[in-house]
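Sequence and computational prediction follow.
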Amino acid sequence: DSGVTQTPKHLITATGQRVTLRCSPRSGDLSVYWYQQSLDQGLQFLIHYYNGEERAKGNILERFSAQQFPDLHSELNLSSLELGDSALYFCASSVDQGASPLHFGNGTRLTVT
Amino acid sequence: KNQVEQSPQSLIILEGKNCTLQCNYTVSPFSNLRWYKQDTGRGPVSLTIMTFSENTKSNGRYTATLDADTKQSSLHITASQLSDSASYICVVTLILTGGGNKLTFGTGTQLKVEL
């Protein structure tokens, strides 16, 4: 068990809808990262937060947004969903901003129909 | 464009045998190179992290090597077990001047260990 909790585990929704994915990092970790993994694809970096502040952005669409709250949990909001947004969304946490291992949750599987 | 390429894409070996997975990268400058193991439908699990000044790191039956001059890394698995069947992902970290970091993931080598 990595200590990173992601909810929900599975999400099925229709095109055009909006969803929120939630991540609780490991106790003591200040960094939270979001990644997207489409079928048979590598992990694509979306965004990194450290202690509530955005630190780096990857290929995150404008329809997607995220935030990290004072209690360090994070939410990834996906809106105007398209079929191509169907993927596994992983959250990872680490104690610092790049030198330490990332601890991944088991992901949220999003299916857009 | 910063890239991380892994080979082979997939590999099937018999239980008990050794294998070596390759990673070539163009990310520069980089801060560290990581190997992760990802079981199907699960999050990746860290195996090793090496800074640019390290050239080998072991974690049990897993040994990673790094040649920063040729920008190559390898992951050697000794005495493979059925539970080693997974995707092995090479990740290169670029720490940004603002304090954030960007991890570039390879697409992984899918390893299957058979009886």
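Structure's in. What do you need? Numbers count the residues shown, from 1 in each chain, chains lettered A, B, ... in the order given.

Now for the spatially closest residue to residue A:60 that is not a sequence neighbour: which residues touch it?
Once flanking residues are discounted, residue A:60 sits nearest to residue A:46: 4.5 Å by Cβ to Cβ, 6 or more residues apart in numbering or on different chains. To be clear about C-beta, it is placed using only N, CA and C from the backbone, and glycine gets the same treatment. Going by Cβ atoms under 8 Å, 6 or more residues apart in numbering or on different chains, residue A:46 touches A:33, A:34, A:35, A:36, A:57, A:58, A:59, A:60, A:64, A:66, A:76.

let's see 6 Å
Contact analysis of residue A:46 by Cβ atoms under 6 Å, 6 or more residues apart in numbering or on different chains lists A:34, A:36, A:58, A:60.

Touching the longest strand along chain B from outside, list them.
The longest strand of chain B (DSSP state E) is strand B:86-95. The contact list for strand B:86-95 (Cβ under 6 Å, 6+ apart) reads A:98, B:4, B:6, B:21, B:23, B:25, B:27, B:30-39, B:44, B:75, B:101-106, B:108-110.

For chain B, which segments count as strands?
B:4-7, B:10-14, B:19-25, B:32-38, B:45-51, B:56-59, B:62-67, B:72-77, B:86-95, B:101-105, B:109-114.

Tell me which helix or strand in chain B has the weakest average pLDDT.
strand B:101-105 (a mean of 81; mean pLDDT, DSSP states H and E).

For that one, buried residues please.
If you call a residue buried by 16 or more other Cβ atoms under 10 Å in any protein chain shown, then strand B:101-105 has these buried ones: B:101, B:102, B:103, B:104, B:105.

Which residues of chain A lie near chain B?
A:42-43, A:45, A:48, A:55-56, A:90, A:97-98, A:101, A:104-107 (Cβ under 6 Å from any Cβ of the partner chain).

pLDDT-wise, what's the bottom of these?
Minimum pLDDT across the residues of chain A next to chain B is recorded for residue A:98, with 73.

how near is that residue to residue A:77?
Computed as Cβ to Cβ, to the nearest Å, the residue A:98 to residue A:77 distance reads 25 Å.

Of the two, give the one with the bigger neighbour count.
residue A:98 (22 against 13; other Cβ atoms under 10 Å in any protein chain shown).

Isn't that one up against residue B:101?
Yes. Look at residue A:98 against residue B:101 with Cβ atoms under 6 Å: they come within range, at 3.3 Å.

circling back: make TSV out of the strands of chain B and add distance to residue A:2.
Shown next, in TSV, are the strands of chain B (distance: least, Cβ to Cβ, whole Å):
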stretch	distance to residue A:2
strand B:4-7	22
strand B:10-14	26
strand B:19-25	22
strand B:32-38	12
strand B:45-51	7
strand B:56-59	16
strand B:62-67	18
strand B:72-77	20
strand B:86-95	15
strand B:101-105	16
strand B:109-114	21
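
residue closest to the middle of chain A?
For chain A, the residue sitting closest to the mean C-alpha position, by Cα atoms, centre = their mean, is residue A:34 at 3.3 Å.

ok, now which ones touch that residue?
So residue A:34 contacts A:46, A:47, A:66, A:76, A:91 (Cβ under 6 Å, 6+ apart).

try it again with 8 Å
A:23, A:45, A:46, A:47, A:48, A:60, A:66, A:74, A:76, A:89, A:90, A:91.

quick one: which of these is most hemmed in?
residue A:91 (31 neighbours).

For the closest residue to that one other than its chain neighbours, give me the pLDDT.
Distances taken as Cβ to Cβ, 6+ apart put residue A:23 closest to residue A:91, at 3.4 Å, once the chain neighbours are dropped. At residue A:23, the model reports a pLDDT of 98.
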